[in-house]
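In: Fold the following.
(chains A and B)
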There are 2 protein chains.
Amino acid sequence: MPRIAICAPSRAITQEDAARVTALAADFPALDLHFHPQCFLEQGHFAGSDAARIDALVASAEDPAFDAVWFARGGYGAVRVAEDAIARMGRNAEAKTFLGYSDGGILLGGLYAKRIGRQVHAPMPTDIRRDGGEAAVRRTLGWLAGDVSGLEPSIDHHPAVAFNLMTLAMLCGTPLMPGLAGHVVMVEDVGEYLYAVDRLFFHVTAHLGGIAGLRLGRISQVPENDAPFGHQAEDIARHWCTRHAIPFLGSADIGHDVDNKIVPFGVATPG
Amino acid sequence: MPRIAICAPSRAITQEDAARVTALAADFPALDLHFHPQCFLEQGHFAGSDAARIDALVASAEDPAFDAVWFARGGYGAVRVAEDAIARMGRNAEAKTFLGYSDGGILLGGLYAKRIGRQVHAPMPTDIRRDGGEAAVRRTLGWLAGDVSGLEPSIDHHPAVAFNLMTLAMLCGTPLMPGLAGHVVMVEDVGEYLYAVDRLFFHVTAHLGGIAGLRLGRISQVPENDAPFGHQAEDIARHWCTRHAIPFLGSADIGHDVDNKIVPFGVATPG
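Out: The predicted structure follows:
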């Protein structure tokens, strides 16, 4: 029976949202969810101090009673804990599956770089807040229970990763950045001006030499600027991929929304 | 008599603003300003197509009749032209002084990396639009005319550079990034949430090993978030400098404002 520890390396969630996710999980009798109390701490922007978030993350990863560590929410905060937390992880963490997306990609990337456990881009408990968010949360619960229907449909024999574009940009060149040669890299973003998307693609593609190709997830909630940018998101992706001789492979079914699909890092193994 | 070519590698300015800067320059009889017609082109977000912006920048840099190339405005757009434009620059560009800031830092950084000409963080013609902006524009005109009173006051015998924090983050690890070992690196930013500033410092400090130290310019127009971040800008800078063993040297008198001072890249030579 998969036992899943939920902690919050970035921002907090509410007891009410946790209760709704726990109620949903009743439909998955094979799963046993445990929300770490740290999920509900609030200190400034964060779910508790850096130390509290590190402790909860390490405790969840190192507890042999759990099979998976699910990040409750993104928002921002993982970069302040990732290096220290990963440095404290040992054998028990290596047996874990880590799940999340958005800001959580900092941890997924760092864990993938250090080859600790298995990393999965997947909807998080906080997605319960979206209209229709139950479907997103069920997708991760289903995947944990052995249902592979939530996998991102383009996944093939290539190793893959999925990241928020800004998160990947911040990882590039840091000790948390995994080597991605030969990988299909999927990116998505939310709430960024198209000029910022263009700037991020300049940066990211300069760091992605040798990847198998790039897929573009949804670039959503783009704010309106004082002038139309003049290039659409796909044009931007194609422009910078061409510039850096990276194959542009088309779209990816990921994004900050309820349709966000599951992308296990590396080569996807049969469920 | 210093002759100054003004072009717009990012966004456009208006004829009216150019006229106001030209009128100001009458107080500096040693200077001769030439606005390239490309400054007034508009295509989507940009001051003309990528090709038009490259052509104007290269023409300005390669024209032996000019001593300096002054970027009219930042905004966004230099990353789409920098590599191609710099690749087309030759001997005549090497004799030039290039001036600007904000998005223009992409070009200053790339030119400094390739050791083409002299690069100067300095107010731009578009600063005329700010309340009291004449003082900012006069600072650059004065410096071009030989007045060193506008230099950033902390500049000492160390080589220095100054960048917009986001611009520097995007440069890191790309072919346009200069080696900054031994440099004092000054950063400023405008309009970013403090969580974004924190994220950018994580990224940038991971790339700045070996610098002499970091100075923090103004972090201005910080939007209000749904929760206070819990750390001030200087705390953030100190946190990440400590993390990466970079000396934090205090403040820098630079920012997106009329008090923005002049920082010649490298070792400042007497005026």
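
In: Enumerate every residue touching the residue positioned nearest the centre of chain A.
Out: For chain A, the residue nearest the mean C-alpha position is A:Y101 (1.8 Å; C-alpha atoms, centre = their mean). Residues near A:Y101 by C-beta atoms under 8 Å, 6 or more residues apart in numbering or on different chains: A:74, A:108, A:121-124, A:162, A:164, A:254, A:260. C-beta here means a position set from N, CA and C on the backbone, and glycine is covered the same way.

In: Go again with 10 Å.
Out: Contact partners of A:Y101, counting by C-beta atoms under 10 Å, 6 or more residues apart in numbering or on different chains, are A:71, A:74, A:108, A:120-124, A:127, A:140, A:162-164, A:167, A:188, A:254-256, A:260, A:262-263.

In: so which of the residues you listed are also by chain B?
Out: Contacts with chain B are made by A:T167 out of the contacts of A:Y101, judged by C-beta under 10 Å from any C-beta of the partner chain.

In: and the contacts of A:Y101, which are buried?
Out: Using 16 or more other C-beta atoms under 10 Å in any protein chain shown as the burial test, the contacts of A:Y101 include A:71, A:74, A:108, A:120-124, A:127, A:140, A:162-164, A:167, A:188, A:254-256, A:260, A:262-263 as buried.

In: Take the residues you listed and keep only those in helices.
Out: When DSSP state H is applied, the buried ones among the contacts of A:Y101 are split such that A:108, A:140, A:167 fall in helices.

In: between those, which is nearest chain B?
Out: Chain B lies nearest to A:T167 out of those, by C-beta to the nearest C-beta, at 8.7 Å.

In: what sits against that closest one?
Out: Contacts of A:T167 were listed using C-beta under 10 Å, 6+ apart, and they are A:74, A:76, A:78-79, A:101-109, A:187-189, A:200, B:199.

In: With A:L108 instead?
Out: Taking C-beta under 10 Å, 6+ apart, we find A:L108 in contact with A:71, A:78, A:82, A:98-101, A:117-122, A:161-163, A:167, A:171, A:176, A:178, A:263, A:265.

In: Narrow these to those in strands?
Out: A:71, A:98-100, A:118-121, A:161-163, A:263 (DSSP state E).

In: can I get the CA coordinates of stretch A:118-136 in CSV?
Out: Taking Å, rounded to 0.1, in the frame of the first residue of the first chain, the C-alpha atoms of stretch A:118-136 are listed here in CSV:
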residue,chain,number,x,y,z
ARG,A,118,12.5,9.1,-8.9
GLN,A,119,11.1,12.5,-9.9
VAL,A,120,7.7,13.1,-11.4
HIS,A,121,6.2,16.3,-12.8
ALA,A,122,2.6,15.9,-11.6
PRO,A,123,-0.4,17.9,-10.2
MET,A,124,-0.2,18.9,-6.6
PRO,A,125,-2.7,19.0,-3.7
THR,A,126,-3.0,22.8,-4.2
ASP,A,127,-4.5,22.1,-7.6
ILE,A,128,-7.7,21.3,-5.7
ARG,A,129,-8.3,25.0,-5.6
ARG,A,130,-8.7,25.3,-9.4
ASP,A,131,-12.1,25.1,-11.1
GLY,A,132,-12.3,21.4,-11.9
GLY,A,133,-9.2,20.8,-9.9
GLU,A,134,-10.3,17.5,-8.6
ALA,A,135,-9.5,16.0,-12.0
ALA,A,136,-5.9,17.2,-11.7
